[in-house]
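Chemist: Sequence first, predicted coordinates after that:
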Amino acid sequence: MVKSDVSTNVVSETLVEPDLKKQEQNQSHKDGSVRHAEKRRTGTCQFADRVAQVSIEKYREVVPVKWRQENQQVCLATIVAHFKTSLRKQTLPDNETVDKVNGEDENETTAIQGPENDLLIVMGLGVGTKFLSEEKILSDAESDIKGSYGKRIRDSHAEVLARRAFRRALTVEIKSLQLSASSRSENNNQDEDGDDSSCRSMDSFGILRQVKKDTEPTTEGEMREPSSCTYALKDGVTLHMYTSSTPCGNSALKKFSKMKREKFDSSIPPDTWPRNPHPCFDAHSLQLGQCSLLVKKNGTKTGPGTENDPGGNETHAIDTSRIEKKQQNWPANLTDDWCPPGTTLPHFGRGSLHSCSDKICRWNCLGLQGSLLSSLLNKPLYMDTLTVGRKFTSCISQRAVCCRANGYCYDGNITETNGNKNDDDENQNFYRLNHPSIMGTGVYLDDTGTLDMSNSKVVGQDVRFLSKLCWVWWSERSSIESNTDKMENAECIDGDEGLLFSYNLNENLGQVQSEDNKMNEYSLSSTYAL
């Protein structure tokens, strides 16, 4: 569907912005009418509610209470590790433990424990709804300052920050494993049975294990021990993603499928999740945008036809060079009126950051670990489930985050051999199209908040994400880098700048410091730091 070898065909067209007043649908309510900030809903199973609960508790623990009180309507996303192990005691982040036999906590933790030998721990957390303007993105990409590229976080939506935090957690854990292996190697610390302790974790907590490579030949033809290890998930560990609201983009496109209400399945045990295969996907409306890739709409432009002057027309450069000729006249490629709020088409020149639905779909093809860490892992890390809070529809989410990629992702093992007939010497890259279990949750992020619905209100415009500040936190982030036992607060990021922001934690003031006090430092979850 996409061509990359066609000549550039950029034309300038005048796109008439639709009259915003015609798009608005108003509802009238009696004086004193209110509704819940989050509409009442039904979850899928107990496991989905447990994932949501541990995520929300971690959010309340690491994000300052004053900011949370002033910003009750936020978007939260996490990546959670599920441990199903027979260990008597499992060491938790921040040196906390949970007794795995009697099921009672020895210390208060934010880990959610279900049945015996079952545990959920948040590995990465993100809070945010902002992203850099196209002007800042272009400036960052074209920066002549050596070494500055990648310091700004371009996309500070919660799902993207959660994945960045997870990658940082993986990096820290791999670093700790390598330091432990190096230290033990120097001391010639090996077990009597010859098992190299470098292939064991420096402590019992962690989601990764070291995998020893086979012996490798030397220039003299002799075999020697490998100089490095790869890493893999420990046995019994699975990964699960949570987002408090449906991801922006295709997941918010409520059409092309027959939707139905979610039903709670009480027959599913609390330590497991539905494993039903996704129904066969029918791509029957491609020309109407059923599977289209979308970008986050840049809202910083000024002039006719923009938010500052919605009544006029705006001229954009429409780049059709990467669209097949037969698709250029598809209705979905001629206008973005059908796109979900805050998104547009890539070739309209109004943004370049893909929607969170598109990014999650990509992660279900390539894994959560990213390109850098893929060279250190023996296979990609895929999510087993995706739990969604607000505005969740199962069939729509399935289409958005995985099923629409059918036929565009190699579904099988790509095997590369090194000439050795031993199967253990094969380097297999298990890239595939991952279909996670898609679940809804009845756990609310903002359970107590209500909205005033008196008089006339615009439908769908009750929730406003006003704060430009975003937050990112990862598990065990401080154990190596700062030699402290616990990192109490998440990093605060200015979503409009993509850099760290100094948040005033003084409860008496309870506000963000002025722009002059802003920290022009990069986050440890940025591309530059990773």
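Modeler: That came through fine.
Chemist: Doesn't Ser526 belong to a strand?
Modeler: No: membership of Ser526 in a strand is not supported by DSSP: H, G, I helix; E, B strand; the rest coil, which gives coil.
Chemist: Show the contacting residues for it.
Modeler: For Ser526, the contacting residues are Gly150, Lys151, Arg152, Ile153, Arg164, Gly498, by C-beta atoms under 8 Å, 6 or more residues apart in numbering. Just so you know, the C-beta spots here come from the backbone N, C-alpha and C atoms, and that holds for glycine as well.
Chemist: Buried subset of those residues, written for PyMOL?
Modeler: Selecting only the buried entries of the contacts of Ser526 in PyMOL, with 16 or more other C-beta atoms under 10 Å as the criterion:
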select buried, resi 151+152+153+164+498
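Chemist: What I need now is the contacts of Ser526 written out in JSON lines, including secondary structure, pLDDT and distance to Phe392 for each item.
Modeler: Below are those laid out as JSON lines (DSSP: H, G, I helix; E, B strand; the rest coil; pLDDT from 0 to 100; distance: C-beta to C-beta, whole Å):
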{"residue": "Gly150", "secondary structure": "coil", "pLDDT": "85", "distance to Phe392": "33"}
{"residue": "Lys151", "secondary structure": "coil", "pLDDT": "89", "distance to Phe392": "35"}
{"residue": "Arg152", "secondary structure": "coil", "pLDDT": "91", "distance to Phe392": "32"}
{"residue": "Ile153", "secondary structure": "coil", "pLDDT": "94", "distance to Phe392": "27"}
{"residue": "Arg164", "secondary structure": "helix", "pLDDT": "96", "distance to Phe392": "24"}
{"residue": "Gly498", "secondary structure": "coil", "pLDDT": "92", "distance to Phe392": "29"}
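Chemist: And the contacts of Ser526, which is closest to Ser475?
Modeler: If you rank those by distance to Ser475 using C-beta to C-beta, Arg164 comes first, at 13.2 Å.
Chemist: Check the gap between the closest residue in space to the closest one that isn't next to it in sequence and Phe392 for me.
Modeler: Nearest residue to Arg164, sequence neighbours excluded (C-beta to C-beta, 6 or more residues apart in numbering): Ser525, at 4.1 Å. Taking C-beta to C-beta, to the nearest Å as the measure, Ser525 falls 27 Å from Phe392.
Chemist: When the two are compared, which one has more neighbours?
Modeler: Each of Ser525 and Phe392 has its neighbours counted (other C-beta atoms under 10 Å); Ser525 has more, 27 against 24.
Chemist: Distance of the more buried one relative to Val65?
Modeler: Counting by C-beta to C-beta, the separation of Ser525 from Val65 is 23 Å.
Chemist: Phe131 too?
Modeler: Distance from Phe131 to Val65, by C-beta to C-beta: 26 Å.
Chemist: try Cys492
Modeler: Per C-beta to C-beta, Cys492 is found 14 Å from Val65.
Chemist: These two - which one has more neighbours?
Modeler: The neighbour comparison of Cys492 against Val65 (other C-beta under 10 Å) goes to Cys492, with 21 against 12.
Chemist: Let's verify the spatially closest residue to the more buried one that is not a sequence neighbour: helix, strand, or coil?
Modeler: Leaving aside its sequence neighbours, Cys492 sits nearest to Tyr503 (C-beta to C-beta, 6+ apart; 4.3 Å). Secondary structure assignment for Tyr503 (three-state DSSP): coil.
Chemist: is it true that Tyr503 touches Trp67?
Modeler: Yes: if you go by C-beta atoms under 8 Å, Tyr503 and Trp67 touch, sitting 7.0 Å apart.
Chemist: which neighbours do these two share?
Modeler: Leu469.
Chemist: quick one: low-confidence parts of the stretch 101-250 of the chain?
Modeler: For the stretch 101-250 of the chain, the stretches with pLDDT under 70 are 101-117, 143-147, 184-205, 213-227.
Chemist: And the strands in it?
Modeler: 112-113, 118-127, 129-131, 155-157, 208-212, 216-217, 223-224, 229-233, 237-245 (DSSP state E, counting those that start in this stretch).
Chemist: Make TSV from those strands and add mean neighbour count and distance to Asn298 to it.
Modeler: Output for the strands of the stretch 101-250 of the chain, formatted as TSV (neighbours: other C-beta atoms under 10 Å; distance: least, C-beta to C-beta, whole Å):
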stretch	mean neighbour count	distance to Asn298
strand 112-113	22	39
strand 118-127	26	21
strand 129-131	22	9
strand 155-157	25	12
strand 208-212	17	38
strand 216-217	12	50
strand 223-224	10	55
strand 229-233	18	38
strand 237-245	24	21
